[in-house]
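Novice: when you get a sec, could you give me coordinates for this:
(4 chains)
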Protein chains: 2
Amino acid sequence: MTTPRQQREQAAAGLEQLSALVRAQSWRSDGSPALPPTQAAVLRLLGQPGPLRAFQIAERLGVSPASLSDSLKALEAKKWIARSPDPADRRASLLRLTRAGQVVSRQLRDPANGLGRLLQGMNEQDIGVLLRATQLLVGQAQRLGMATGTRTCLGCRFFKPYGGSADQPHFCDFIGKAFGDAELRVDCAEQLPADTEQLAENLARFRQLTPP
Amino acid sequence: MTTPRQQREQAAAGLEQLSALVRAQSWRSDGSPALPPTQAAVLRLLGQPGPLRAFQIAERLGVSPASLSDSLKALEAKKWIARSPDPADRRASLLRLTRAGQVVSRQLRDPANGLGRLLQGMNEQDIGVLLRATQLLVGQAQRLGMATGTRTCLGCRFFKPYGGSADQPHFCDFIGKAFGDAELRVDCAEQLPADTEQLAENLARFRQLTPP
DNA sequence: CAGGAATAGGTAGGACTCCTATCCTTCACC
DNA sequence: GGTGAAGGATAGGAGTCCTACCTATTCCTG
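Specialist: This is a model prediction of the structure:
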């Protein structure tokens, strides 16, 4: 029989496997441009509307500001990003994509490339399973202080598990609608971080929901 | 509404997030020794019974033999692994942990440390969701040639989805038993890789199974 | 308003990761 | 015996990541 300990070992091995997979994917050049993982991640982030400050990027990527500085320097040398002084704080600068950077960023985020290919063959239910598992893990990591700067539903002030029907067990106070696993967001622009208490409550409730 | 494209973008963002999380975890020193991610992965692998050859490790880790060679050199310098000539092939050497390496490996695989902490608060059903999602992804990656050297149930000759009841929808020909999502293996010592055809079939059937 | 603490971000130095290309040795097979 | 393939190491170079600093601002508090 499989013991709980073995199960957790298997799950941990799975996470390692996935992490390696994601990282290795970035070096490869199957369609999308093969650029280093961190640089690709920065370009993907900056592809979203609105400029970002350096520390915001570092936070979301889970690296130290110093590490990020390396990658930003490389991206600037490649003329894919540009810095402009932040009018609100003269210590900071705002980062945005150049024209060339926008092109690369779009390629990177194209579902036909890279990781997107992994997900192409999956139906809505598969995606739901995946998003659900991700929410659980990231939420747990957040609670343990292992993740920062995430913008998941579970970690959001607007999120209410148990809000709707069995098909649509979640509820978002921002859009005012119930929704299902497949519509969970890992990176939502409208997210407002929940406090520790609400996160713990969200997590507990979320875990009691039976998958469809 | 959320479009399928957006769903896939969210899922991809989730995978990126998880990958960063796993990697960042390795650098940290919360209990378990903080060693570089690849070296930690090698030590974990070698913690399983039986010596391994270099290319087997590289395959499972998804890195080039040259990259692996770097990490092996570092680990050998730290006296955590030892090479011995492979009697079956004098070009190759067999890698195994030293006494000191065994200690580190055990700490790394302890569920109370590192990634294990992420999974500690999860019940059997949560783990099942996670293992199920992992199988799907790794299986898909395998089919696309993005992953090699994996030892998942889905990619195994002995695996039969749809073998049992709703509670235990899978069947393993090796142990001759039905089992559920929570007992799926991502890294099974008894695994025998399936051929392309069987993998595709396993994948298709697996995806039709409704999660419990 | 001064002066200290905190914050945004940079540099320096060093370890680690990862690649491609190249080389050597050994094996497998004709 | 010779040829090609396989296991693996090395070289060279780019990228990633850390801990320490360092500077310029901003924020706070007396």
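Novice: at the contact with DNA strand D, which residues of chain A appear?
Specialist: A:36-39, A:61, A:63-64, A:66-67, A:70-71, A:74, A:89-91 (CB under 7 Å from any atom of the strand). (C-beta placed from N, C-alpha, C; glycine too.)
Novice: and chain B, which of those residues reach it?
Specialist: Restricting the residues of chain A next to DNA strand D to those within reach of chain B (CB under 8 Å from any CB of the partner chain) leaves A:61, A:63.
Novice: mind checking which of the residues of chain A next to DNA strand D land in helices?
Specialist: Here DSSP state H is the test, and the residues of chain A next to DNA strand D give A:37, A:38, A:39, A:61, A:66, A:67, A:70, A:71, A:74 as lying in helices.
Novice: thinking residue A:155 is in contact with residue A:141, fair?
Specialist: No: between residue A:155 and residue A:141 there is no contact under CB atoms under 8 Å: 9.9 Å.
Novice: only alpha carbons, please: show the one helix or strand residue A:8 maps to as PDB.
Specialist: Element membership of residue A:8, judged by DSSP states H and E, is helix A:4-27. Output in PDB follows, covering the C-alpha atoms of helix A:4-27 (Å, rounded to 0.1, in the frame of the first residue of the first chain):
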ATOM      1  CA  PRO A   4       0.800   9.100   3.200                       C
ATOM      2  CA  ARG A   5       4.500   9.700   3.400                       C
ATOM      3  CA  GLN A   6       5.000   8.000   0.100                       C
ATOM      4  CA  GLN A   7       2.200  10.000  -1.400                       C
ATOM      5  CA  ARG A   8       3.800  13.200  -0.400                       C
ATOM      6  CA  GLU A   9       7.100  12.000  -1.800                       C
ATOM      7  CA  GLN A  10       5.500  11.300  -5.100                       C
ATOM      8  CA  ALA A  11       3.800  14.700  -5.100                       C
ATOM      9  CA  ALA A  12       7.100  16.400  -4.300                       C
ATOM     10  CA  ALA A  13       8.800  14.500  -7.000                       C
ATOM     11  CA  GLY A  14       6.100  15.600  -9.400                       C
ATOM     12  CA  LEU A  15       6.600  19.200  -8.500                       C
ATOM     13  CA  GLU A  16      10.300  18.900  -9.100                       C
ATOM     14  CA  GLN A  17       9.600  17.200 -12.400                       C
ATOM     15  CA  LEU A  18       7.200  20.000 -13.500                       C
ATOM     16  CA  SER A  19       9.600  22.700 -12.500                       C
ATOM     17  CA  ALA A  20      12.400  21.100 -14.500                       C
ATOM     18  CA  LEU A  21      10.100  20.700 -17.400                       C
ATOM     19  CA  VAL A  22       9.100  24.400 -17.400                       C
ATOM     20  CA  ARG A  23      12.600  25.500 -17.100                       C
ATOM     21  CA  ALA A  24      14.000  23.200 -19.700                       C
ATOM     22  CA  GLN A  25      11.200  24.400 -22.100                       C
ATOM     23  CA  SER A  26      12.500  27.900 -22.000                       C
ATOM     24  CA  TRP A  27      16.000  27.000 -23.300                       C
END
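Novice: list the helices and strands it packs on?
Specialist: Applying 3 or more CB pairs under 8 Å, 6 or more residues apart in numbering or on different chains; DSSP states H and E, we find helix A:4-27 packed against helix A:37-46, helix B:4-27, helix B:37-46, helix B:115-120, helix B:124-143.
Novice: out of the ones in helices among the residues of chain A next to DNA strand D, which end up buried?
Specialist: Neighbour-count burial (16 or more other CB atoms under 10 Å in any protein chain shown) applied to those gives A:37, A:38, A:39, A:61, A:71, A:74.
Novice: any chance of CSV for those, columns distance to DNA strand C and pLDDT?
Specialist: Formatted as CSV, these follow (distance: CB to the nearest atom of the strand, whole Å; pLDDT from 0 to 100):
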residue, distance to DNA strand C, pLDDT
A:37, 8, 93
A:38, 11, 95
A:39, 13, 95
A:61, 13, 93
A:71, 10, 96
A:74, 11, 95
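Novice: of these, which is the nearest to chain B?
Specialist: For those, the residue nearest chain B by CB to the nearest CB is residue A:61; the value is 5.9 Å.
Novice: ok, the closest one - contacts?
Specialist: A:38, A:41, A:42, A:45, A:68, A:149, B:20 (CB atoms under 8 Å, 6 or more residues apart in numbering or on different chains).
Novice: out of the residues of chain A next to DNA strand D, which two sit at the greatest distance?
Specialist: A:37 and A:90 (31.9 Å; CB to CB).
Novice: ok, and the closest non-adjacent residue to residue A:36?
Specialist: The shortest distance from residue A:36 to any non-neighbouring residue, by CB to CB, 6 or more residues apart in numbering or on different chains, is to residue A:26 (6.8 Å).
Novice: that neighbour: neighbour count?
Specialist: 22 (other CB atoms under 10 Å in any protein chain shown).
Novice: gap between it and residue A:65?
Specialist: 22 Å (CB to CB, to the nearest Å).
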